[in-house]
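Peer 1: Coordinates for the following, if possible.
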Amino acid sequence: MFLHAFKSHFDHKVRTDNEWTRRVLLMAQLKDQPRLTSPATATAVDIYCVHKDMHNLCVAPVTSILNSRVRDSHSRRQKYQITFWHAFLVFVRRFNATLVSNSLLGAEFNKTYPTNAARNNANYYFNYHTKLIAQQNALADRGASSYRVAVNQFSDIRLITFAARLPQAVYPAVSYNSTPVEVDTTVADEIDILTEYGLNVTAQDQGTLCSASWAFAAAKAIQILNAVPSDLTPLNYSAQSLIDCAGMSTACTTQVPQIAFDYLTQETGTTLIPEEDYPERNNSLQGMCVPTMAAGGIKLDTYSKITDGDDAAVMRYVSSSIPVIVEYNPATFGFMHYSSGVYVPPVRARASSSQFLVVVGYGHDTESNLDYWLCINSFGDTWGEEGFIRIVRSSAQPIAKGAIFPNSIGVVTM
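Peer 2: Model (predicted):
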């Protein structure tokens, strides 16, 4: 990357120089560049990159490079500073690029760091992931990959940390699942349940500290099934109520959607409550259960399961407008930073984790010539394709794992 090339060319030791940092920031403003950060807080650990057309082209410690020591005369030092900055601005002008700071990541995703060491660590992995993002998108540009990636709320942590925050699910020994409803054995060539019924369903955000996709997937599947036959405008229903009241001690670690379904079908008087009546906490962290009887709650009568590896069954139920929840391994760089296209996972992931997705459709992508599953995730609508992901549909990589779906909706009696 060009900044690293500059650093090699001007190979000097790094030092912190707040006065020079102020001059650099002033020059940036004079050259009609955006304000990078406050001169009072600028230090050699700030990391910047050149950003163009929504893709990060490079990232490096700019202040570290610009603050390099020149041991000769003051005039030679001044000449070096001007030469470096001039070359940098030439690049920015030529590629119509914009300077951005990784502090924007914190602003956009509400990130704070308790110590300078934590912030520096986040900067390092943001830098590292930005380079990998550029490499993956270069493959996509050449047609060598079917999907693109982008900076998101996970870009400042290691992949192994991301995987650890989404530990493998642990299933209960007892299940109260029922016989599935009968559906047509003839399946559609392609379907999107949401488009088919004109449903405006958005991806919710489980946050980055609680592995609660089981609750969000359960709530979303019930929400969609309830809206399909009646053409109702689908409300968001409270995953937080499931986390608090059904999750028990593993609500933010290894819990599964079946526990939510068991809670709603086996506990007397329980309903899935609208989110406005039981709002989400910050990062979906578990709190005390507050039993609530709210108008508009959904009563789940029964649920059913699908055998692992039976993608044909997943297709049959989705084709019949029944959303199916599946367990998926998110512990890959591609899934972590997925932005668009048809995601094709590596044959072997470096780690095993669990994220529950709701399959709401399937189809064929003409650009990549790949079949795909259309799934809604719970990483918010800034991740992926507005919160959705298209995953390659292949017999070699079946999606049916821990597959479960709401079978029938009951009548709420108040």
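Peer 1: would you list every one of the helices in this protein?
Peer 2: Remark: helices assigned in the chain by DSSP state H are 2-9, 18-30, 62-66, 74-94, 103-108, 116-141, 159-164, 193-196, 213-227, 239-245, 257-266, 311-319, 333-336.
Peer 1: and the last one, what other elements does it pack with?
Peer 2: Meaning helix 333-336. helix 116-141, strand 147-149, helix 159-164 (3 or more C-beta pairs under 8 Å, 6 or more residues apart in numbering; DSSP states H and E). From N, CA and C alone the C-beta is placed, and that goes for glycine too.
Peer 1: what about 10 Å?
Peer 2: Under the contact definition 3 or more C-beta pairs under 10 Å, 6 or more residues apart in numbering; DSSP states H and E, helix 333-336 sits against helix 116-141, strand 147-149, helix 159-164, strand 338-343.
Peer 1: Among the ones you listed, which comes closest to L235?
Peer 2: Nearest to L235 among these is strand 338-343 (27.1 Å), distances taken as C-beta to C-beta.
Peer 1: Among the helices and strands packed on helix 333-336, which comes closest to Y237?
Peer 2: Closest to Y237 of those is strand 338-343 (C-beta to C-beta; 25.1 Å).
Peer 1: and the closest one, which strands flank it?
Peer 2: strand 147-149 (antiparallel), strand 388-392 (parallel) (DSSP bridges).
Peer 1: Contacts for the shortest one, please.
Peer 2: Looking back up the chat, that one is strand 147-149. When contacts are defined by C-beta atoms under 10 Å, 6 or more residues apart in numbering, strand 147-149 is touched by residues 54-55, 129, 132-137, 139-141, 155, 333-344, 365, 368, 370, 384-385, 389-392.
Peer 1: Now which of those residues would you call buried?
Peer 2: Burial by neighbour count, 16 or more other C-beta atoms under 10 Å: within these this picks out 55, 129, 133-134, 136-137, 140, 155, 333-344, 365, 368, 370, 384-385, 389-392.
Peer 1: mind listing the strands for the stretch 301-414 of the chain?
Peer 2: Listed in chain order, the strands of the stretch 301-414 of the chain (DSSP state E, counting those that start in this stretch) span 324-328, 338-343, 355-365, 370-376, 388-392, 404-409.
Peer 1: now the fourth one: how far from the chain's centre is it?
Peer 2: For strand 370-376, the distance from its own C-alpha centre to the chain's C-alpha centre is 16 Å (C-alpha atoms, centre = their mean, to the nearest Å).
Peer 1: That strand packs against which elements?
Peer 2: Applying 3+ C-beta pairs under 10 Å, 6+ apart, we find strand 370-376 packed against helix 193-196, helix 213-227, helix 311-319, strand 324-328, strand 338-343, strand 355-365, strand 388-392.
Peer 1: Give me the mean pLDDT for it.
Peer 2: Mean pLDDT, strand 370-376: 98.
Peer 1: do the third one as well
Peer 2: Average pLDDT, strand 355-365: 98.
Peer 1: Adjacent strands (with direction) for that strand?
Peer 2: Strand partners for strand 355-365, identified by DSSP bridges, are recorded as strand 191-192 (antiparallel), strand 324-328 (antiparallel), strand 370-376 (antiparallel).
Peer 1: Could you say which one of those strands comes nearest to F405?
Peer 2: With C-beta to C-beta as the criterion, F405 lies closest to strand 324-328 of these, at 4.6 Å.
Peer 1: For the closest one, what is the distance to the chain centroid?
Peer 2: Relative to its parent chain, strand 324-328 has a centroid offset of 16 Å by C-alpha atoms, centre = their mean.
Peer 1: mind showing which ranges of the protein have poor pLDDT?
Peer 2: Per-residue confidence for the chain (pLDDT under 70) gives these ranges: 1-108, 230-233, 411-414.
Peer 1: again, 90 this time
Peer 2: Within the chain, the ranges that satisfy pLDDT under 90 run 1-113, 185, 208-209, 228-236, 268-269, 280-284, 287, 290-297, 347-351, 409-414.
Peer 1: Straight-line length of stretch 389-408, end to end?
Peer 2: Chord length of stretch 389-408, first to last residue, is 26 Å (C-alpha to C-alpha, to the nearest Å).
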